[in-house]
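Peer 1: Sequence isn't available, so here's the structure alone:
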C-alpha cells in the first residue's frame, strides 16, 4: 500500500471505529441503565417515575433523565474504539508481525479479530465503569461477558495467527491478576470486592496477551490513578480515609492506558 493509502487508513479506520462506538454506545447505555441497581434488585427496565419502557437517556413517557448524562456513554465508547483502532493502525504501519504468524493477507484478518477482542472488552468495560461509579458494584453478568468475549476472540486470533505463546500469556495473565486481587479481597474485604476480582480476570487476559510488562504496567497504573483520585478527594475534603471509592473505573483506566501506549 502506498503512502497516501496508508495515510488514509490512519484516518479512516479510527473514524469508522468511532462511528461504531457511537452506535454500540446506545447498547452500552442500555446495559448501564439496566444494571445500575442495588445488589439483589431486579434489572431496571422501566422508568422509576412513570413505568414507561426505557431505551434512551430520557424516559419516553415523562422525559425524565435516566442514567448518565445524554451522550456521555456513547462518546466514551466512541473514543475508546477510535483509540484502539488508531493503535492497531500504527502497529500495522510498523510492519511488525508476531512470531509464528504466517505472511500474506492473513495478518490483516488476525489484526481485525484481535482488534475486535479489545473492542469488545472496551464496550463492556465502559458499561462497568458507569455502573460502578453509580452504584459501587460490578455485576457478574457484565464481568463474565467481558471475560468470555475477550478470551474467545483472543483464542480465535491465536488459532488464525499461530500466536499460541500470546494465548498462554493471556491465560496466565488473567489468572495472575485475578489471584492478586483475590488476595487483596481476602486481606481487606471492605476495600476490595469480588466484582473487582472478576473484572481483573478480563483485564489480565487482555494485558497478558501483550506481555508481562503490560500486565504489571496496567495493574500499577490502575492503583496509581485510584490513589491519586483518593488523595485529591481528601485534600478537597470530599472524602475521608474510610470513604468508599469504586475501584473498577481505575482498573479499566490503568489497563487501557497500558494497552494503548504499549507499556
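Peer 2: Alright, I've got the coordinates. These numbers were taken from a predicted model, which means no experiment stands behind them. Numbering: from 1, shown residues only.
Peer 1: buried sites along whichever helix or strand residue 113 is part of?
Peer 2: Using DSSP states H and E, residue 113 maps to helix 106-135. Across helix 106-135, burial judged by 16 or more other Cβ atoms under 10 Å covers 107, 110-111, 113-132, 134-135. C-beta coordinates here come from the backbone N, C-alpha and C atoms, glycine included.
Peer 1: Remind me what that helix packs against, helices and strands.
Peer 2: helix 3-35, helix 72-94, helix 140-161, helix 194-210, helix 248-261 (3 or more Cβ pairs under 8 Å, 6 or more residues apart in numbering; DSSP states H and E).
Peer 1: And for residue 213, the neighbour number?
Peer 2: 12 (other Cβ atoms under 10 Å).
Peer 1: any idea how far it lies from residue 246?
Peer 2: Relative to residue 246, residue 213 is positioned 27 Å away (Cβ to Cβ, to the nearest Å).
Peer 1: before we move on, what about residue 145?
Peer 2: 19 Å.
Peer 1: Please apply the same query to residue 20.
Peer 2: 27 Å.
Peer 1: Tell me which of these two has more neighbours.
Peer 2: Comparing residue 20 with residue 246 by other Cβ under 10 Å, the one with more neighbours is residue 246, at 21 against 17.
Peer 1: show me what contacts the closest residue to residue 76 other than its chain neighbours?
Peer 2: Nearest residue to residue 76, sequence neighbours excluded (Cβ to Cβ, 6 or more residues apart in numbering): residue 126, at 5.4 Å. Going by Cβ atoms under 8 Å, 6 or more residues apart in numbering, residue 126 touches 25, 28, 73, 76-77, 80.
Peer 1: hmm, 10 Å instead?
Peer 2: 21, 24-25, 28-29, 31-32, 72-74, 76-81, 249, 252 (Cβ atoms under 10 Å, 6 or more residues apart in numbering).
Peer 1: again with residue 136
Peer 2: With Cβ under 10 Å, 6+ apart, residue 136 has these contacts: 38-39, 193, 195, 244-248.
Peer 1: Drop anything exposed from these.
Peer 2: 193, 195, 246-248.
Peer 1: mind putting these in CSV, distance to residue 184 and pLDDT included?
Peer 2: Compiled in CSV, the buried ones among the contacts of residue 136 are given as follows (distance: Cβ to Cβ, whole Å; pLDDT from 0 to 100):
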residue, distance to residue 184, pLDDT
193, 10, 92
195, 13, 96
246, 15, 93
247, 10, 95
248, 14, 96
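Peer 1: quick one: which of the residues you listed is nearest residue 87?
Peer 2: Within these, the smallest distance to residue 87 is 22.5 Å, found for residue 248 (Cβ to Cβ).
Peer 1: surely the closest one meets residue 137?
Peer 2: Yes - at 8.7 Å, residue 248 counts as touching residue 137 under the criterion of Cβ atoms under 10 Å.
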